[in-house]
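J.: only geometry, no sequence info:
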């Protein structure tokens with residue numbers, strides 16, 4: 001079965017019947033049959049899913065929104081990378097739990113999303129039979145957290161952590177807050193970006209019962225900051241949810257200073273703090289999205305001083321036994337026992353004299 005997401009429902013279409021999304025791509029963007037066939041080939045391996053809202057954000061073929069959601073034949077032809085580049089399964093003591101850091105765990109509570117990102121770290125299994133969540137393995141995951149009193153921080157993800165039924169979400173959150181050693185719950189979601197109409201007061205009424213609850217959203221490009229997305233983020237913030245953004249440095253999507261600056265300024269206006277900028281993970285079939293680390297350093301350096309410090313995320317590389325912080329080299333010109341030579345955001349040189357007698 002192939003599932004096509006729409007704004008009101010999901011339609012299951014037998015494999016021999018072409019899903020409506022293909023015809024929408026033909027009609028709106030006049031794609032050749034060769035390009036359609038390439039998309040179909042990728043779809044068989046890494047399923048495509050785009051809902052009506054996110055589809056409406058595409059302005060032209062291969063624009064930054066298109067690149068994030070429409071399959072590219074390079075996902076099959078260039079197989080550089082690894083299926084599980086963050087070694088999540090290596091650090092999984094049982095299904096749905098990744099326990100890498102001493103005091104926190106990743107808890108996967110959803111096996112799908114509103115839209116399947118083409119650069120997803122978990123693209124090997126999202127939308128496939130390799131990843132199906134059941135009530136039993138959710139209960140087992142909660143029992144694991146309950147039995148490990150070193151765990152004080154739980155990150156809910158998926159799939160999309162808000163792509164679950166309200167009863168299941170309430171059960172998971174209420175179970176976690178009943179565990180004495182769990183102090184913080186974080187929730188990862190792209191729904192504010194990919195289908196903001198799902199953010200309702202009813203949902204907020206559930207979430208605000210479980211503070212401190214932190215929500216990490218996922219906006220990649222300024223074109224995703226729409227009136228609907230602003231409404232959704234404001235509704236969450238009005239209900240006391242603390243919002244941060246995690247995004248990925250993606251070639252030909254957001255790999256320049258202006259795009260990132262516009263994105264981060266837009267996020268601040270809707271009360272979302274840029275939190276992490278990730279170097280693209282070494283995911284099999286996503287090599288065409290990856291940039292050099294120097295590109296990321298240059299972007300962070302190019303932002304510093306020109307927008308508020310609130311708008312500068314931490315630039316990190318994941319998959320190195322955890323997250324490793326990367327800082328631009330330009331700031332520190334030289335270091336000696338006597339002094340440190342520094343360069344500011346305007347390129348001016350300053351000297352900081354150290355107290356070597358301490």
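T.: Arrived safely. Values in this document were obtained by computation on a predicted structure and should not be read as measured data. Numbers count the residues shown, from 1 in each chain.

J.: residue ranges of the strands in the stretch 201-350 of the chain, please?
T.: Here the stretch 201-350 of the chain has its strands, by DSSP state E, counting those that start in this stretch, at 213-217, 242-249, 273-279, 314-317, 324-325, 332-335, 339-343, 349-353.

J.: nearest to residue 184, of those strands?
T.: Residue 184 sits nearest to strand 213-217 of all the strands of the stretch 201-350 of the chain, at 6.8 Å, using CB to CB. Where you see a C-beta, it was placed from the backbone N, CA and C, and this is true even at glycine.

J.: Can you list the buried residues in that closest one?
T.: Neighbour-count burial for strand 213-217 flags 213, 214, 215, 216, 217 (criterion: 16 or more other CB atoms under 10 Å).

J.: Check stretch 268-280 too.
T.: In terms of neighbour count (16+ other CB under 10 Å), stretch 268-280 has its buried residues at 268, 270, 272, 273, 274, 275, 276, 277, 278, 279, 280.

J.: Kindly report the domain assignment for this protein.
T.: The record's domain parsing of the chain by automatic domain parsing lists 2-76, 97-323, 328-358.

J.: sorry, back to before: got a markdown table for the strands of the stretch 201-350 of the chain, with distance to residue 149 and mean pLDDT too?
T.: Converted to a markdown table, the strands of the stretch 201-350 of the chain look like this (distance: least, CB to CB, whole Å; pLDDT from 0 to 100):
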| stretch | distance to residue 149 | mean pLDDT |
| --- | --- | --- |
| strand 213-217 | 21 | 96 |
| strand 242-249 | 25 | 98 |
| strand 273-279 | 27 | 97 |
| strand 314-317 | 28 | 96 |
| strand 324-325 | 28 | 93 |
| strand 332-335 | 41 | 91 |
| strand 339-343 | 43 | 92 |
| strand 349-353 | 44 | 94 |
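
J.: Of all those strands, which one comes closest to residue 116?
T.: Of all the strands of the stretch 201-350 of the chain, it is strand 242-249 that lies closest to residue 116, at 14.5 Å by CB to CB.

J.: Can you lay out the strands of the stretch 201-350 of the chain as TSV showing distance to residue 50?
T.: TSV is the format used below for the strands of the stretch 201-350 of the chain (distance: least, CB to CB, whole Å):
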stretch	distance to residue 50
strand 213-217	19
strand 242-249	18
strand 273-279	22
strand 314-317	28
strand 324-325	33
strand 332-335	44
strand 339-343	44
strand 349-353	49
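
J.: what's the closest of those to residue 148?
T.: Of the strands of the stretch 201-350 of the chain, the one closest to residue 148 (CB to CB) turns out to be strand 213-217, at 20.4 Å.

J.: got the angle between that closest one and strand 242-249?
T.: Angle, strand 213-217 to strand 242-249, by axes from the mean of the first three to the mean of the last three CA atoms, to 10 degrees: 30 degrees.

J.: Okay, now the sheet partners of strand 213-217, with direction.
T.: The strands beside strand 213-217 in its sheet (DSSP bridges) come out as strand 184-188 (parallel), strand 242-249 (parallel).

J.: Now tabulate those strands in TSV and tack on mean neighbour count and distance to residue 200.
T.: TSV is the format used below for the strands paired with strand 213-217 (neighbours: other CB atoms under 10 Å; distance: least, CB to CB, whole Å):
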stretch	mean neighbour count	distance to residue 200
strand 184-188	21	16
strand 242-249	21	16
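
J.: closest to residue 36 out of these?
T.: Residue 36 lies closest, by CB to CB, to one member of those: strand 242-249, at 27.0 Å.

J.: neighbours around residue 33, how many?
T.: Neighbour count for residue 33, taken as other CB atoms under 10 Å: 8.

J.: Next one: it relative to residue 39, how far apart?
T.: 11 Å (CB to CB, to the nearest Å).

J.: same question, residue 279
T.: Plainly put, residue 279 is 27 Å away from residue 39 if you go by CB to CB.

J.: Quick check on residue 156: phi, psi?
T.: The phi/psi pair for residue 156 (degrees, to the nearest 10) reads phi -90, psi 130.

J.: Any idea what the spatially closest residue to it that is not a sequence neighbour is bridged to?
T.: Nearest residue to residue 156 in three dimensions, chain neighbours excluded: residue 187, at 4.7 Å (CB to CB, 6 or more residues apart in numbering). Following DSSP bridges, residue 187 is listed with bridge partners residue 156, residue 215.
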